[in-house]
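Q: Got a predicted structure here, sequence first:
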Amino acid sequence: ANRKDHVPYRDSVLTRILQDSLEKNSKTLMFVQISPSLSDYAESTNSLKFAARVKEVELGKASKSVKKKRSTAKSPRKR
């Protein structure tokens, strides 16, 4: 499989979908699916480790770092 270039989290589709959930006073809930099957042990363990790391994350107040574009339209001249 071809691996795509890294997509920064701010530019990802998932971030855009979850934008309202990642702002201000929102609370976010995460479900982790694990399997009792021995063949899925490694995947279930990794999922639980990831969930433990996510639990420790505290989202602070986000600030925009988008620069405003300059208007290229010329303003009407006074006569």
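A: Here it is on my side, so go on.
Q: next helix or strand past the worst-scoring helix or strand of the chain on mean pLDDT?
A: Using mean pLDDT, DSSP states H and E, the weakest-scoring helix or strand in the chain turns out to be helix 13-17, at a mean of 79. Of the helices and strands lying after helix 13-17 in sequence (DSSP states H and E), the nearest is helix 41-55.
Q: Pull out the buried residues from that next one.
A: Ser44 (16 or more other C-beta atoms under 10 Å). Where C-beta positions appear, they are placed from N, C-alpha and C, glycine not excepted.
Q: swap in stretch 32-41?
A: Per 16+ other C-beta under 10 Å, stretch 32-41 contains no buried residues.
Q: First-to-last residue distance for it?
A: 14 Å (C-alpha to C-alpha, to the nearest Å).
Q: Can you give the contact residues for that stretch?
A: Under the contact criterion C-beta atoms under 8 Å, 6 or more residues apart in numbering, stretch 32-41 has outside partners 43-44, 47-48, 50-51.
Q: go with 10 Å
A: Contacts to stretch 32-41, defined as C-beta atoms under 10 Å, 6 or more residues apart in numbering, come from residues 43-52, 54.
Q: would you turn these into a markdown table with distance to Leu22 and pLDDT?
A: Formatted as a markdown table, the contacts of stretch 32-41 follow (distance: C-beta to C-beta, whole Å; pLDDT from 0 to 100):
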| residue | distance to Leu22 | pLDDT |
| --- | --- | --- |
| Glu43 | 26 | 95 |
| Ser44 | 26 | 95 |
| Thr45 | 27 | 95 |
| Asn46 | 23 | 94 |
| Ser47 | 21 | 93 |
| Leu48 | 23 | 94 |
| Lys49 | 22 | 94 |
| Phe50 | 17 | 92 |
| Ala51 | 17 | 91 |
| Ala52 | 20 | 92 |
| Val54 | 13 | 85 |
